[in-house]
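Participant: following is a predicted model, sequence given first.
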Amino acid sequence: MARRAVGLLVILTLAVACLRVDQTAWLGAPRTIAPGVDFFQTADTTLVDPAGPIAVYLLRLDPERVQLESGLSNDEVMDAERVDRIAARRQAIAAVNAGFFNVKNGEPAGLLKVAGELVSDTVLTRGVVAIHSRQGARQQFYFDQVSARMQVGFRADTQPVVVPIDGVDTTRERGKLMLYTPAYHADTDTAANGTEWVLGGVPMKVIDIRRDLGKSPIPRDGAVLSFGGLDPPAPLDWLLPGAFVTFSTTWKILNGTPESRFEEAREIVNGAGLLVRGGTPLSGWQATENLQPNTFTHVRHPRTMIGVDRRGDVWLVAIDGRQPEHSVGMTFAELQALCKRLDFEHALNLDGGGSTTMVVGSEIVNKPSDASGPRAVSDAILVKPRNP
């Protein structure tokens, strides 16, 4: 009986090994970068239809040996920074660019959660991946189409009230209420034409009110609420020194992932275009994510993608584009065909275009499409050794 059990184990091991070989046979042999990190590169013209020059760079990651983290540019929300510089500062094994952002100021333009803190919200429902990290366990990844908005709660006289927050860690607008977390910057970077409530303590409360001053310092263990105007409307006029505040998030989730997966996630990275979920290719992105076919989904662009295959390996993929002699890029249909070849169970299109950058070690291995070279971005996905 023991001999038979050993034989079955050997057969199963060989079967799994064969599956892994078959999956990547068309890619050729990988270059092992570190334990659990394999790098592939292909110029297989059949990946696009009609065929054309294509350059694809892939990292296959074993979640038993490595983990993914979200890295902010300059370790804060303000401004932007190249992926290779984010990776070097955070001592990452490898990295790719991640979420969409405002190219004018570097601020994230979609959902972004870093180290358990929501630092960017959005009313646009877009594809995201939530990353769960638990000590001693491999990371878990949840893909869905999601939007989120935050609210602040406090008491107005004797009545509890909840006030919507118009934006998290983003440039303040007149007549809008913003929340600034310690991840934003040392201060709010606001003009001197608003009202700001400095929050701190446990439980959190108003510890100072600054009017017409701007640039309020953000406590490392607190936050700042900022209204674009000197006369906040009711019930904000009840936010007096000593008033206790709480924060909550309202999630809109299209495909049934439990809300707790996003509340408890250590990282949430935004994209535009959930490509595959539960092994099923998706479509209808114009209706679900407001993505335009004539300029985005049906047009070839440089692309960056994250996927999880049926064996549980995580993949980061960069595809060069907008360079006719080197690589034409991919449409969403071509991305989904690549997902099928890689046997992806889930896949998300991340920011692409001139942002598409893959770093291995200290080297940018792809050829970013901007004439000026690699683009500064708001955030990156970093590959780190897994914590024991």
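Facilitator: Received the coordinates, thanks. Residues are numbered from 1 along each chain as shown.
Participant: so R220 sits in a helix?
Facilitator: No - R220: not assigned to a helix; according to DSSP: H, G, I helix; E, B strand; the rest coil it is coil.
Participant: could you pull up phi and psi at it?
Facilitator: phi -60, psi -30 (degrees, to the nearest 10).
Participant: and the most centrally placed residue in the chain, what is it in contact with?
Facilitator: Centroid-nearest residue in the chain: V269, 1.7 Å away (criterion: Cα atoms, centre = their mean). Each residue near V269 by Cβ atoms under 8 Å, 6 or more residues apart in numbering is listed here: 70, 98-99, 112, 128-129, 131, 306, 348, 350, 379, 381. (Each C-beta comes from the backbone N, C-alpha and C, glycine too.)
Participant: again, but for L61
Facilitator: L61 makes contacts with 36-37, 68, 313-316, 383, as judged by Cβ under 8 Å, 6+ apart.
Participant: what's the closest of those to F227?
Facilitator: L68 (36.3 Å; Cβ to Cβ).
Participant: beta-bridge partners for the closest one, please?
Facilitator: Applying DSSP bridges to L68 gives these bridge partners: V383.
Participant: confidence score at it?
Facilitator: The model reports L68 with a pLDDT of 98.
Participant: the contacts of V269 in strands, which ones?
Facilitator: Taking DSSP state E, the ones among the contacts of V269 that sit in strands are 70, 112, 128-129, 131, 306, 348, 379, 381.
Participant: could you pull out the helices in this structure for me?
Facilitator: 2-24, 83-89, 259-263, 285-289, 332-341 (DSSP state H).
Participant: one step back: and which of the ones in strands among the contacts of V269 is nearest T188?
Facilitator: L112 (18.0 Å).
Participant: please name the nearest non-neighbouring residue to the closest one.
Facilitator: Using Cβ to Cβ, 6 or more residues apart in numbering and skipping the chain neighbours, the partner closest in space to L112 is S120 (4.0 Å).
Participant: check contacts around S369.
Facilitator: 302, 320-323, 353-354, 356.
Participant: apply 6 Å and report the result again.
Facilitator: 302, 322, 354 (Cβ atoms under 6 Å, 6 or more residues apart in numbering).
Participant: could I get the phi/psi values of D157?
Facilitator: The phi/psi pair for D157 (degrees, to the nearest 10) is phi 60, psi -110.
Participant: in this structure, where's the longest strand?
Facilitator: Ranked by number of residues, the top strand in the chain under DSSP E is strand 140-156.
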